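Novice: Whatever this is, show me its structure:
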Amino acid sequence: MKRRAFAALLGLALLAAGHRMAVARFAMRTFSLLPGSRVALQLIGIAAPDRVAVAGTGSIEGGAYVVPADALPGNATLVAADANALAVRRFRIVAPPRVALLAVAAYDDGIVFHDSHTFALLGTLAIGGSASDVAAGRGGTFAATDTDGTTVTIAALEPWSVRAVSGVPLGDELIADAPLQAFLVTERDLDGKGGLARIDAHGVSNVVTGTTAEGIALDARRQRVFVADTNDDDVAVVDARRMRVLARIGGIPRAFGLVLSPDGLRLYAVSNQGRDTIFGAPGRVTEIALDARPHVLARSADLTFPIGITLDAAKGRLFVTDEQADVIDVLDTSTLRPRHAPIPTCRIPWKPFYDARTRRLYVPCAGSDEVDVIDARTLSRVHGAPFHTGGYPLAVSISNS
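Specialist: Numbering: from 1, shown residues only. Next up is the predicted model:
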């Protein structure tokens, strides 16, 4: 295999030496790859390469550079060429991480792992697509959606393994369901609408919930899943065991981010819109009582362009990211009134993550390729934040193992 790869690289080099060629490049930001990575071969300056070769670790399979899940640390060089252009890219293959993990879903790169204490970059698990969310499951597992494809990638840490589960079209957000030992995933397009997928040991189960399913929240005790059907202006309530829609909660324009109170009695939904956006309507947070007849309890004042939401239950606070104002709004869980002035953050903050154990708020900023970290006790930025991560980060999760 190595001899054939060397011969292919030699042929490409001779092709380049034969006449003056333009310099092209691989559209890959990732450098340090984890075993099990699958990197789609996207090239700039080469429309359809005549030849692609790899020297070192990994191989070319089905339009992607693939690193075996059992690969040892090493290096790889990719070369692609057509009659007029040549592209070269080098990768470093690193060992699977063994320390406390913080995982970032980076749309451009995949799952980017950091040391949760120092924020040091440990490596990237490329998923062969565009990651929109990541969630930590039981036993040291992480799952990530491919929001432009049909797979969910699941990585297990001890021992390290990687698998791709198909049958999840345009997955958006996901959450771990510990009682069912499953992952639940919203699907932006399922049978022309949108839906929910459950991934467990038996495979994948799907149910249509409404148009353009985005946000998700789980009542694990009652096994009820809440799905934000953004373009239906409602939230669907789904039985996670039977994968059946039980009810719909209407009157929530552009329902997007969702978070549930720990007792399962209050649901908070973000309307992802703004008066000076293309939607021309106010962005807000809506509080919903989940009793026998769910109803709206309160609505916040107008927000600029809110998108993500998370909850500090101990202090009765909601943290809401605003993708246009580049701030984190801090609202009271009972009144939805501001509890603190908006906290400035990095550019285009997306789906926030609150870690109650460390009392830290993590905010992925898609516009600046950073993750901001806020101490919830002081509402000030922690030392070392924001830290650089993969391209266009959209979500964060921390290992619960």
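Novice: which ones are touching residue 85?
Specialist: Contacts for residue 85 (Cβ atoms under 8 Å, 6 or more residues apart in numbering) come out as 21, 22, 23, 24, 45, 46. In this view, the C-beta of every residue, glycine as well, is placed from N, C-alpha and C.
Novice: just residue 384 next, same as before
Specialist: Contacts of residue 384 by Cβ under 8 Å, 6+ apart are 118, 119, 373.
Novice: In the stretch 101-250 of the chain, where is pLDDT below threshold?
Specialist: Scanning the stretch 101-250 of the chain for pLDDT under 70 picks out no residues.
Novice: quick revisit: quick check, nearest of the contacts of residue 85 to residue 276?
Specialist: For the contacts of residue 85, the minimum distance to residue 276 (Cβ to Cβ) is 38.2 Å, reached by residue 45.
Novice: now that closest one, nearest residue through space, not along the chain?
Specialist: residue 24 (2.9 Å; Cβ to Cβ, 6 or more residues apart in numbering).
Novice: is it true that residue 42 touches residue 27?
Specialist: Yes - applying Cβ atoms under 8 Å, one finds residue 42 in contact with residue 27, separated by 4.1 Å.
Novice: For ChimeraX, what selects the buried ones among the contacts of residue 384?
Specialist: This is the ChimeraX syntax for the buried subset of the contacts of residue 384, where burial follows 16 or more other Cβ atoms under 10 Å:
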select :119,373
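Novice: Now tabulate the contacts of residue 384 in CSV and tack on distance to residue 38 and secondary structure.
Specialist: CSV is the format used below for those (distance: Cβ to Cβ, whole Å; DSSP: H, G, I helix; E, B strand; the rest coil):
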residue, distance to residue 38, secondary structure
118, 28, coil
119, 26, coil
373, 29, strand
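Novice: which ones are touching residue 373?
Specialist: With Cβ under 8 Å, 6+ apart, residue 373 has these contacts: 119, 360, 361, 362, 363, 381, 382, 384, 385, 386, 387.
Novice: The closest residue to the first one other than its chain neighbours - how many residues pack around it?
Specialist: Spelled out, it's residue 119. Counting by Cβ to Cβ, 6+ apart, residue 119 lies nearest to residue 387, which is 4.1 Å off, once chain neighbours are set aside. Residue 387: 17 surrounding residues under other Cβ atoms under 10 Å.
Novice: Could you double-check that residue 387 sits in contact with residue 114?
Specialist: Yes - between residue 387 and residue 114 there is a contact under Cβ under 8 Å: 7.2 Å.
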